[in-house]
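A.B. asks: kindly return the folded structure for what I paste below:
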Amino acid sequence: MSNLFKNVGVTAKATIIFMLLHIPLALFCSSSKMAATAYAILIFVIGCHLALHKNDVALACIVWYIIAAEVLFRMTFAHIFWEYGKYAISGILILRLTRGKRFSHTVLPLIFYFLLLIPAIFKTPYYSLFQWRGYVSFYMSGALTLFICGLYFSGLSYEREDVQRMLTWVLGPAVSIAFIALLSLAHAKNIVWVAASSYVASGGFGPNQVSSILGFAGFLGVALFLMTRKNAMLRQTYVVLAAWLFIQSILTLSRGGTMMGAAAVGFLLASLVKSGRRRYFAIAIVTSLSIVSLTWYCVIPALNRYTSGRLITRYTRVQEKDGVRIYDTTGRLEQAVTDFAIFKDNIFGVGVSNARDIQEDMVQKSWCPHVEWTHVLAEHGILGALALLFLFLWIGRRYFSIQDPFSKALALSFIVIFVLFASTYAMRTALPACVIGFLGSDFNCSE
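C.D. replies: Below is the predicted model of the structure:
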């Protein structure tokens, strides 16, 4: 059994078995909250065991696994707190850091990023320790996870097979999520499609979170197909998984996750073409033409018919604002404008969790954060702006330090995913934090 898990992402047999195991796991967890809870706790225990034994490749696989499993825990209603995925990752990695793991000096901007966000917690309203802790825990968990992931991955080196293993581990829980969503559609009777996110097509859970994981996993399927060499069956497995996961993401009618995954694929292929390497150029061109042709002429028309035309309506919907027609952002543009107005009136920030109350006073609406950048400005003020500056300084330095063309293309795609996710869903899950934190490592995807 241990050899099976070691070979996930390396051999076709181990990878296929790993994916198939997540189908009964999906049934098991969705049928019992206790089973889902035991599964969530087991993953954390395994992560702690690997941290104590300093097995960094296997530990990284668990971290990537939790990125997708976090949404699976939530949609199967495991008896765990909402931010469990982020704090499980942070806890596991902190345990590893206490075991003598050294990190590179390159993380200094990342340290400034996190430290500059801390003062705003002292403006959080204090009615009770429990409530104050809840606010801080919810709003700061994404930044904490990003900071810890960046610290942990800094100074670590991974070869191509290591990266293949890690990214493939994301696909396991993504298969479970996609299977639950597929069953939900199969069991639904007389589905009424509308030009809005579909809870039925998302397995009865939040379409935003489901589509983001499925879109991300679909992108990874494409990236792994391009990365894999001399193993035709494994490459075919990744193609099938990528197609299925993207289709399930599209059917949620939650645009953000699908568009994020598609954009990441586009930047990956464009970067490979631009690299000038003959091998990468040829495979990127062929892959691009195949994806565009199949999607445009086969997938979209078929899914549009299945959704009674609502798919095209959903992706082309516009709204009128002050006589100007703009693309419908489902309130995100309005939230960003309101956040920025709060920042202009409170240059030192209003404090963690306070922006929602001020939004309600200003526009009679309050939202959970969706646009990370303006949310940080509103609540953290000028220190938040400096924190974001240090964060992007660190990201830029890490990106330009990469020499291998495929690794650079993959890093660019991760940056795109981070920016688009944080612009749409803020830091709602561990996905953006872990993806960008991974850039702290030195990974080489060349043969």
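A.B. asks: use CA for all of it now, contacts and neighbours both
C.D. replies: Noted.
A.B. asks: please, where are all the helices along the stretch 201-350 of the chain?
C.D. replies: Along the stretch 201-350 of the chain, counting by DSSP state H, counting those that start in this stretch, helices occupy 207-227, 232-251, 255-274, 278-294, 300-306, 310-316, 332-345.
A.B. asks: spatially central residue for the protein, please.
C.D. replies: Nearest residue to the geometric centre of the chain (Cα atoms, centre = their mean): residue 431, 3.0 Å.
A.B. asks: ok, now which ones touch that one?
C.D. replies: Contact analysis of residue 431 by Cα atoms under 8 Å, 6 or more residues apart in numbering lists 67, 68.
A.B. asks: any idea how far residue 31 is from it?
C.D. replies: Separation of residue 431 from residue 31 (Cα to Cα, to the nearest Å) stands at 26 Å.
A.B. asks: circling back to that earlier point, okay, the helices of the stretch 201-350 of the chain, which one's buried deepest?
C.D. replies: Mean neighbour count, computed with mean count of other Cα atoms under 10 Å, is highest for helix 207-227 among those, reaching a mean of 26.
A.B. asks: any low-confidence regions in the stretch 251-400 of the chain?
C.D. replies: For the stretch 251-400 of the chain, the stretches flagged by pLDDT under 70 are 322-323, 366.
A.B. asks: helix or strand: which one has residue 166?
C.D. replies: helix 160-187 (DSSP states H and E).
A.B. asks: before we move on, what about residue 417?
C.D. replies: Using DSSP H and E, residue 417 falls in helix 405-425.
A.B. asks: repeat that for residue 427.
C.D. replies: Counting by DSSP H and E, residue 427 is part of no helix or strand.
A.B. asks: show the contacting residues for it.
C.D. replies: 142, 143, 372, 421, 433 are the contacts of residue 427 under Cα under 8 Å, 6+ apart.
A.B. asks: that older thread, quick one: the residue nearest to the centre of the chain from residue 402, how far?
C.D. replies: Remark: distance between residue 431 and residue 402 (Cα to Cα) = 22 Å.
A.B. asks: check contacts around residue 201.
C.D. replies: Contact analysis of residue 201 by Cα under 8 Å, 6+ apart lists 181, 182, 184, 185, 207, 248, 251, 252.
A.B. asks: then residue 343?
C.D. replies: Residue 343 neighbours (Cα under 8 Å, 6+ apart): 349, 377, 378, 379, 381.
A.B. asks: next, count neighbours for the third one.
C.D. replies: Translated: residue 378. 33 (other Cα atoms under 10 Å).
A.B. asks: helix, strand or coil: sort out it for me.
C.D. replies: Using DSSP: H, G, I helix; E, B strand; the rest coil, the structure places residue 378 in helix.
A.B. asks: partner residues bridging the residue nearest to residue 316 when sequence neighbours are not counted?
C.D. replies: Spatial nearest neighbour of residue 316, chain neighbours left out: residue 327 (7.5 Å); criterion: Cα to Cα, 6 or more residues apart in numbering. For residue 327, the beta-bridge partners under DSSP bridges are residue 318.
A.B. asks: helix or strand: which one has the nearest residue to residue 349 once chain neighbours are set aside?
C.D. replies: Nearest residue to residue 349, sequence neighbours excluded (Cα to Cα, 6+ apart): residue 381, at 3.7 Å. If you go by DSSP H and E, residue 381 is part of helix 372-400.
A.B. asks: also residue 115?
C.D. replies: Here residue 115 is assigned to helix 108-117, by DSSP H and E.
A.B. asks: what's the angle from the helix or strand just after that helix to helix 108-117?
C.D. replies: Helices and strands here follow DSSP H and E; after helix 108-117, the next one along the chain is helix 129-153. Put simply, helix 129-153 runs at 170 degrees to helix 108-117, going by axes from the mean of the first three to the mean of the last three Cα atoms, to 10 degrees.
A.B. asks: what's the angle from helix 129-153 to helix 372-400?
C.D. replies: 20 degrees.
A.B. asks: list the buried ones in helix 129-153?
C.D. replies: Across helix 129-153, burial judged by 16 or more other Cα atoms under 10 Å covers 132, 135-136, 139-153.
A.B. asks: send me the helix or strand where residue 437 lies as PDB with only the CA atoms.
C.D. replies: Element membership of residue 437, judged by DSSP H and E, is helix 431-437. What follows is helix 431-437, C-alpha atoms only, in PDB (Å, rounded to 0.1, in the frame of the first residue of the first chain):
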ATOM      1  CA  LEU A 431      -6.000  27.200  -2.300                       C
ATOM      2  CA  PRO A 432      -4.500  30.600  -3.200                       C
ATOM      3  CA  ALA A 433      -2.300  30.700  -0.100                       C
ATOM      4  CA  CYS A 434      -0.700  27.300  -0.700                       C
ATOM      5  CA  VAL A 435      -0.300  27.800  -4.500                       C
ATOM      6  CA  ILE A 436       1.500  31.000  -4.000                       C
ATOM      7  CA  GLY A 437       3.400  29.800  -1.000                       C
END
